[in-house]
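**Q** could you look at this predicted model? Sequence included:
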Amino acid sequence: AQSVTQLDSQVPVFEEAPVELRCNYSSSVSVYLFWYVQYPNQGLQLLLKYLSGSTLVKGINGFEAEFNKSQTSFHLRKPSVHISDTAEYFCAVGKGNTPLVFGKGTRLSVIA
Amino acid sequence: DGGITQSPKYLFRKEGQNVTLSCEQNLNHDAMYWYRQDPGQGLRLIYYSQIVNDFQKGDIAEGYSVSREKKESFPLTVTSAQKNPTAFYLCASSPSGTAIGEKLFFGSGTQLSVL
């Protein structure tokens, strides 16, 4: 079975500083990787996804992620965060047509 | 506007009572999903359906039941057998559920609490 580990439950960062949210997955075969964002009391929205091809994936709101097969990682980065980026971020892995498996989430708090 | 509608936004359950959470979509999606979210636990899959009149158990199906009689509707019943139902419940859909790498579309969630 697939599993996803988000290494940090909470990440505080000052406004305009860079941020990296870490995600590792377990699998021995090809997988598909996603990052979703959840604002308070709302559902999840897709930030970006990796299916194949270029290992650097760009998403919405200035976020990007890099797929690293040798390290089984898919870390999310943003060079300069804003207050509005405060939210919970979920990494998810898919394989074939089975439902996505989500990590436990990382709460990003941007400090003014 | 196309999307997924969950109702109610807040729901309270008395001990021994069954309650039903509604999920409706007008996206013409084949697949629908129910996830449970607890603080610090991420999202865990309860049930999913890839086609009308068919559904499969997810990782934490015990104490829950679903039906999929119409393409646009996938209600979730939290039965009295679910001893710890307090959580945020999220419904999602995807176009086919069988194509690889499909994006999930989420509703705004229902917060269920026990009285």
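**A** Yep, that arrived.
**Q** from now on I want contacts and neighbour counts done on CA atoms only, so please keep to that.
**A** Fine.
**Q** wait, isn't B:Lys57 in contact with B:Ile46?
**A** Yes: if you go by CA atoms under 8 Å, B:Lys57 and B:Ile46 touch, sitting 6.4 Å apart.
**Q** neighbours around B:Asn84, how many?
**A** 10 (other CA atoms under 10 Å in any protein chain shown).
**Q** what about chain A, any weak spots by pLDDT?
**A** A:28 (pLDDT under 70).
**Q** and the residue nearest the centre of it?
**A** With distances taken as CA atoms, centre = their mean, A:Trp35 lies nearest the centre of chain A, 3.7 Å away.
**Q** list the contacts for the closest residue to it other than its chain neighbours?
**A** Closest residue to A:Trp35 apart from its sequence neighbours, by CA to CA, 6 or more residues apart in numbering or on different chains: A:Cys91 at 4.6 Å. Neighbouring residues of A:Cys91 by CA atoms under 8 Å, 6 or more residues apart in numbering or on different chains: A:Val4, A:Gln6, A:Cys23, A:Leu33, A:Phe34, A:Trp35, A:Tyr36, A:Phe102, A:Gly103, A:Gly105.
**Q** which of the helices or strands spans A:Cys91?
**A** Here A:Cys91, judged by DSSP states H and E, is contained in strand A:87-94.
**Q** that strand: how far from the chain's middle?
**A** 5 Å (CA atoms, centre = their mean, to the nearest Å).
**Q** wondering if the following helix or strand past it reaches chain B at all.
**A** Sequence-wise, the next helix or strand downstream of strand A:87-94 (DSSP H and E) is strand A:101-102. Yes: using CA under 8 Å from any CA of the partner chain, strand A:101-102 reaches chain B at A:Val101, A:Phe102.
**Q** can you list the residues of chain A near chain B?
**A** Proximity of chain A to chain B is confined to A:9, A:32, A:41-46, A:51, A:90, A:94-99, A:101-105 under the rule CA under 8 Å from any CA.
**Q** can you give me the strands in chain A?
**A** Secondary structure of chain A by DSSP state E: the strands cover A:3-6, A:10-14, A:19-21, A:23-26, A:32-38, A:44-50, A:56-58, A:64-68, A:73-78, A:87-94, A:101-102, A:106-111.
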